[in-house]
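# Predicted structure and sequence below. I'll ask about it afterward.
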Amino acid sequence: ILNSANNADDTQQKQQEATGDNSTNPGIPNENRDDDGDSKRRALLEQKLRAQVEYYFSDDNLLTDVFMLKEIKKNPQGYVSIAVILKFPKMKKLKTDYESLQTALRSSSHLHVNKKGWGVKRIAGLPKISPEIMAKVKPPKSSNHTHLNNPTANPNIHNTINLHTDEGGYTQHPAAHQEHTSPRIVALKVIATNLKGRVERAWGRTKRANKRQNN
């Protein structure tokens, strides 16, 4: 009787291994159970990613987050590069990648990913920011720096400039080369011209003196 029972158990185990049904034997890995576990882990990770980025764009954070406000202001439509967000310390701790973050953000009810998929922005308008914070966000009027996300801030860019599309993407167009002349350069040019004139006059006097000596 014992031998028959053991043989029956052995036969049942072999059948389970062949069919992949190990629900009655937790000691043997179940592929279906592993797939369910992976799906749950992915869903949990997406939830964490979405919640973290939504916080970055939230009213509470933007009221004091100068860096985030600067990133938003770089683009006329308010898109922030997903590649930039991936570099944030808390995002690095979540150990995600570009596609996973992009997928997580597409299902957000507070954020919008543009058609090309490179940027994300908040759907609602920006909250009212205090003048003190905005003074840190806005560059000085005399600044000649050009933001990567807003190339049209300075039209005098050599080689090419990027013009924004409706979705916040960029198309490249030739840029006009314009020479910027500072007062220092003007002064140097004047000095060089005067020196050139003096050299030419001195050389003329030397030639005339040599000619008189030869005569």
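Received it, and whenever you're ready, just let me know what you need.

# ranges for the helices of the protein?
Along the chain, the stretches classed as helices by DSSP state H are 2-19, 31-56, 59-62, 66-73, 82-85, 89-93, 98-106, 131-137, 183-214.

# Tell me which of those lies nearest to residue 115.
Nearest to residue 115, of all those, is helix 98-106, at 11.2 Å by Cβ to Cβ. Where you see a C-beta, it was placed from the backbone N, CA and C, and this is true even at glycine.

# which parts of that closest one are buried?
Of all the residues in helix 98-106, those buried under the rule 16 or more other Cβ atoms under 10 Å are 100, 101, 102, 103, 104, 105.

# can you pull the contacts of the fifth one?
Neighbouring residues of residue 104 by Cβ atoms under 8 Å, 6 or more residues apart in numbering: 45, 46, 47, 49, 50, 53, 96.

# Any chance you could list what contacts stretch 47-65?
68-69, 72, 85, 88, 90-91, 94, 96, 100-101, 104-105, 107-108, 110-111, 120-122, 126-127, 129-130, 133.

# first vs last residue of it, how far apart are they?
End-to-end distance for stretch 47-65, by Cα to Cα, to the nearest Å: 23 Å.

# go on, stretch 116-126?
23 Å.

# which other residues reach it?
Contacts of stretch 116-126 (Cβ under 8 Å, 6+ apart): 53, 57, 62, 69, 72, 75, 77-83, 85, 102, 105, 109-114, 167-169.

# sorry, back to before: could you identify the most distant pair in the buried residues of helix 98-106?
Farthest pair in the buried residues of helix 98-106 (Cβ to Cβ) is 100 and 105. Separation: 9.8 Å.

# Look up how far residue 209 lies from residue 120.
The spacing between residue 120 and residue 209, counted by Cβ to Cβ, to the nearest Å, is 79 Å.

# neighbour count winner among these two?
Legend: neighbour count by other Cβ atoms under 10 Å for residue 120 and residue 209, higher for residue 120 (26 against 10).

# Tell me the pLDDT of that one.
With respect to pLDDT, residue 120 scores 97.

# ditto for residue 174
pLDDT, read off for residue 174, is 42.

# re the thing from before, weakest of the helices of the chain by average pLDDT?
Minimum mean pLDDT among the helices of the chain: helix 2-19, a mean of 52.
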